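Trainee: Structure for the following, please:
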Amino acid sequence: MSDIALRFHKDMLVLSAPIAAVLARQGVDTTRDLEYLNLIEPEAVRDALRLESIAGAQCLVANTEGIAPARLAHHGMEDHAGELARAALAAVRELRPQHVLVEVGPCGLPLDGSSAASLNESRSQYARAARAFEGCTFDAFLFGGFANPVDLKCALMGVRQASDLPVFASVDVDGDGLMPDGRTTIEEAAALMGEFGASVAGFASGAPVERVAALVERVCAAVDLPVLVQLRVAEHAPRQGAATPENPYYCPDVMVEAAARLRAAGAQFLRAAGDATPAYTGALAAATDGFDVVAPRGEQPVEEDEPDLAELLAAARSGVVAPREEG
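Mentor: Purely as a prediction, here's the structure:
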């Protein structure tokens, strides 16, 4: 059992944000060179992750989202998957995080759910991506960014052909809990995750936090798995001044209340995504540091010393979030 599995349903933990936005601000063409940077400029990758570590992320996510063979082939790097994986993990290990996750995104191949050949090739893509990390030491896989439930199923089946490590799975949903196909609900996606061996059920959304919190409760009701929430920042725009439906996470400060609400709804793992900066990660970490996961409603009584939402927000905004005292 990996170390992180020992913490499931226990401690609140924050994942590092994707480093693509930070590197893009530095002039990096992240659509072309993101994974390649692991080899040619590992210090840039390491420095971006160091900012996330300093911000308080307990789980650092390696820079490997595009490691599926079909995606590497677009850049002529399909024969370098193992080399890229080792370089990405070396950058993370130098920072000595509590936990290390390796990210694998959708392979990008056209997928015909009625074709056995298409399904087999898709599963093979994810199995080969997982095998690129053979011999490496890390805690779990993060399979995220999935917009198609069939693709997610192929990913989970593929990784389970290659590894028995924990798998964090995440799908993209809107504020109503629908995947981009407009038909698959978040409950259906979560059930698929549970059926095909995911260890953590997750989703990514840019919806306002009250709607995201409701989605967390729906996932908790659907499966008995820890829940990961990735809050998608549409634009880091502090001058916006107030949250809007189009960009509710416009500055890091709003993540304090978001973290408190998501914890209260039952989430365990939190991550800022999209145009997030390390300050977003810092706000999530400050608001959850030292706290345990809240059990789904009805499973256990709230202890008398459990802080309410107002207390948690006040503590986080003061810059100090104290752990709950043990009885």
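Trainee: Now do stretch 6-14: everything it contacts.
Mentor: 4, 56-59, 98-99, 199-200, 226, 263, 268-271, 281, 284-285, 288-289, 291-293 (C-beta atoms under 8 Å, 6 or more residues apart in numbering). For every residue, glycine as well, the C-beta is placed using N, CA and C.
Trainee: and residue 73, how many neighbours?
Mentor: 12 (other C-beta atoms under 10 Å).
Trainee: before we move on, what about residue 6?
Mentor: Neighbours around residue 6, by other C-beta under 10 Å: 9.
Trainee: how close does it sit to residue 18?
Mentor: Counting by C-beta to C-beta, to the nearest Å, the gap from residue 6 to residue 18 is 26 Å.
Trainee: that older thread, in helices only, show me the contacts of stretch 6-14.
Mentor: Counting by DSSP state H, those place 263, 281, 284-285, 288 in helices.
Trainee: Of these, which is the most crowded?
Mentor: residue 284 (32 neighbours).
Trainee: tell me the pLDDT at it?
Mentor: pLDDT for residue 284: 98.
Trainee: My read is that it contacts residue 259, right?
Mentor: Yes: with contact defined as C-beta atoms under 8 Å, residue 284 reaches residue 259; the gap is 4.9 Å.
Trainee: which residues are in contact with both of the two?
Mentor: Shared contacts of residue 284 and residue 259 (C-beta under 8 Å, 6+ apart): residue 270.
Trainee: hmm, which two among the ones in helices among the contacts of stretch 6-14 are most spread apart?
Mentor: The largest separation in these, counting by C-beta to C-beta, is between 263 and 281 at 15.6 Å.
Trainee: Not counting sequence-adjacent ones, nearest residue to residue 246?
Mentor: residue 234 (6.3 Å; C-beta to C-beta, 6 or more residues apart in numbering).
Trainee: actually residue 13, not the one I wrote
Mentor: residue 58 (4.8 Å).
Trainee: May I see the ones in helices among the contacts of stretch 6-14 arranged in a markdown table, with distance to residue 156 as well?
Mentor: Shown next, in a markdown table, are the ones in helices among the contacts of stretch 6-14 (distance: C-beta to C-beta, whole Å):
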| residue | distance to residue 156 |
| --- | --- |
| 263 | 27 |
| 281 | 27 |
| 284 | 26 |
| 285 | 29 |
| 288 | 27 |
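Trainee: Which member of these is positioned nearest residue 107?
Mentor: For these, the nearest to residue 107 is residue 281 (27.3 Å; C-beta to C-beta).
Trainee: what residues are up against the closest one?
Mentor: 14, 16-17, 52, 55-57, 271-272 are the contacts of residue 281 under C-beta under 8 Å, 6+ apart.
Trainee: and residue 325, what pLDDT?
Mentor: Residue 325 is given a pLDDT of 39.
Trainee: Then residue 113?
Mentor: On the pLDDT scale, residue 113 gets 89.
Trainee: Cool, thanks, talk later.
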